[in-house]
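Q: Need coordinates for the following:
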Amino acid sequence: MGGRKETSVKLRMHHPSPIAPHRPLTKARIGVLMGGQSSEREVSLRTGLAVHRALLRLGYEAVAIDVSESLVQQLKAKRVGLVFLALHGSGGEDGTIQGLLESIGMPYTGSGVRASAIGMHKVATKALLAYAGIPVAEGAVIRREQGRSAGLPAGLRLPLVVKPASEGSTIGVSIVRRLADWRPALRRAHVYDEEALVEAYIPGREIGVSVLGDAGKAMALPAVEIVAPGGFYDYAAKYTKGRTQYLCPAPLKPEPARRLKNLAVRTYRVVGCDGAARVDFRVTQRGKPYVLEINTIPGMTETSLLPMAAAKAGLDYDALTERILRSALVRAGAGQAVRRAASPALRAMAGGRKTR
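A: Below you'll find the model as predicted:
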């Protein structure tokens, strides 16, 4: 299959018809949170601005917010009633911002605190998936203080993959093919995290499967195969337009494609995700899949896999954005139901009366 055909997948923008104007799902002002101070700030800004434009096209009242220490004051000043999370990396995907938003009663898109924290920490994700019987690569953890004297982990041999435990966008990741590169790879990973995850390198194909869900339901989108220059899907390969080929849908036979989708949905549910997520796989020459990680706030840039897969499933960029928005509305509705159920008991406690 030629590169021109696969890389021609573009984000189709939805333009509401003047005959049948689009009816927004909510009148609440939406704050699109982006940027922040993580190592993925620039990618987050690109995702956030694209999402903000989509919400405006759909008729929502939306404001773009570059996250800072004054976030709570910004939300209040801009009269935000709902948050669309477009943050990537530490402080955005690790449950931190989710916990803050829950503490002030602000509904938000995507996964909750626990799933976000687990999904961001590759070691925690790996342990949870292995316990659930989902195939993952063999690996070990090396802490920063062990790095200077650490030899190759027992049971593992070159080539190896060394990555920070809690980073995204392939930041700090190395493929170690020679023993001379082992210590430099550890040092590089430890720049970004106290823990480095060391895994057996799995030769084969790299495939991503995005999952959309809300209200307990989850649907896997078409798989996307990534053909990166030199076989390494690093930061430049991810975000430089035209540098990487994307085969969407991935050229798989029906049964392997179905197996990947099922594994993606299982991973999504085991971690406890909500809204959109993406599961990354390595698939061996013999067709055996291994889950590498799950991304609980997938990118929404022009080179991102989620909108590419959604387009193949019949969801243009705007429709995808609105589908993700629904996860915040479902969470808002659940929160209101909990508060309604709790209010009689709280009133009884305050007045010393029993509830009926």
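Q: Look at R258 and say how many residues are nearby.
A: Summarising burial for R258: neighbours were counted as other C-beta atoms under 10 Å, giving 12. All C-beta spots, glycine's among them, are computed from the backbone N, C-alpha and C.
Q: so who does D181 touch?
A: Contacts for D181 were tallied using C-beta atoms under 8 Å, 6 or more residues apart in numbering; they are S174.
Q: mind checking how far it is from E199?
A: Applying C-beta to C-beta, to the nearest Å, one obtains 15 Å for the distance of D181 from E199.
Q: Kindly report the same for A310.
A: Noted for A310: a distance of 29 Å to E199, by C-beta to C-beta.
Q: Let me see the domain layout of the protein.
A: Residue ranges for each domain of the chain read 3-8+25-123+203-328, 138-200, as given by automatic domain parsing.
Q: Average the pLDDT values over the last one and round to the nearest integer.
A: Think domain 138-200. Within the predicted structure, the mean pLDDT of domain 138-200 is 88.
Q: and what of stretch 74-89?
A: The pLDDT scores in stretch 74-89 average 96.
Q: That one: end-to-end distance?
A: End-to-end span of stretch 74-89 (C-alpha to C-alpha, to the nearest Å): 21 Å.
Q: go on, stretch 115-131?
A: When the termini of stretch 115-131 are compared using C-alpha to C-alpha, they are 16 Å apart.
Q: got it, and stretch 54-71?
A: With C-alpha to C-alpha as the measure, stretch 54-71 spans 23 Å from end to end.
Q: Give me the contact list for it.
A: By C-beta under 8 Å, 6+ apart, the surrounding residues in contact with stretch 54-71 are 13-16, 21-24, 26-37, 45, 48-49, 52, 74-75, 78, 80, 84, 87, 91-92, 97, 100, 317-318, 321-322, 325.
Q: Which of those fall within strands?
A: Those of those mapping onto strands are I30, G31, V32, L33, M34, F84, per DSSP state E.
Q: three-state assignment of L292?
A: The three-state label for L292, taken from DSSP: H, G, I helix; E, B strand; the rest coil, comes out as strand.
Q: Can you verify my assumption that it contacts V283?
A: No: L292 lies out of contact with V283 (C-beta atoms under 8 Å); the separation is 10.6 Å.
Q: Count the residues that sit near S39.
A: S39 sits with 18 neighbouring residues when counted by other C-beta under 10 Å.
Q: Am I right that it is in a helix?
A: No: note on S39: no helix contains this position according to three-state DSSP, which reports coil.
Q: nearest spatial neighbour of it, skipping sequence neighbours?
A: Sequence neighbours aside, I171 is the residue nearest to S39 in space, at 5.2 Å (criterion: C-beta to C-beta, 6 or more residues apart in numbering).
Q: hang on, the earlier thing: looking at A310 and E199, which is more packed in?
A: A310 (26 against 21).
Q: Give me the nearest residue to that one, chain neighbours excluded.
A: Distance criterion C-beta to C-beta, 6+ apart; nearest residue to A310, sequence neighbours excluded, is L320 at 4.3 Å.
Q: In contact with the one you found, which residues?
A: Applying C-beta under 8 Å, 6+ apart to L320 gives the contacts L212, A276, M300, L306, P307, A310.
Q: Let me see the mean pLDDT of stretch 114-132.
A: Per-residue pLDDT values over stretch 114-132 give a mean of 95.
Q: Show me which pair in the ones in strands among the contacts of stretch 54-71 is furthest apart.
A: Farthest pair in these (C-beta to C-beta) is I30 and M34. Separation: 12.4 Å.
Q: who wins for proximity to Y131 among the domains of the chain?
A: Relative to Y131, the nearest member of the domains of the chain by C-beta to C-beta is domain 3-8+25-123+203-328, separated by 8.6 Å.
Q: residues touching I202, list them.
A: A137, R282, T284, Y290.
Q: For the residues you listed, could you give me CSV that also reports secondary structure and neighbour count?
A: Below are the contacts of I202 laid out as CSV (DSSP: H, G, I helix; E, B strand; the rest coil; neighbours: other C-beta atoms under 10 Å):
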residue, secondary structure, neighbour count
A137, coil, 19
R282, strand, 20
T284, coil, 12
Y290, strand, 20
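Q: ok so, going back, point me to the helix or strand that includes the residue nearest to S39.
A: Following DSSP states H and E, there is no helix or strand that holds I171.
Q: pretty sure it contacts V191?
A: No: under the contact definition of C-beta under 8 Å, I171 does not touch V191, with a separation of 9.4 Å.
Q: Need the overlap of contacts for those two.
A: Taking C-beta under 8 Å, 6+ apart as the contact rule, the neighbours common to I171 and V191 are P164.
Q: So between the two, which is more surrounded?
A: Taking I171 and V191 together and counting by other C-beta under 10 Å, I171 has the greater number of neighbours (19 against 14).
Q: quick one: that one and E42, what's the gap?
A: Separation of I171 from E42 (C-beta to C-beta): 11 Å.
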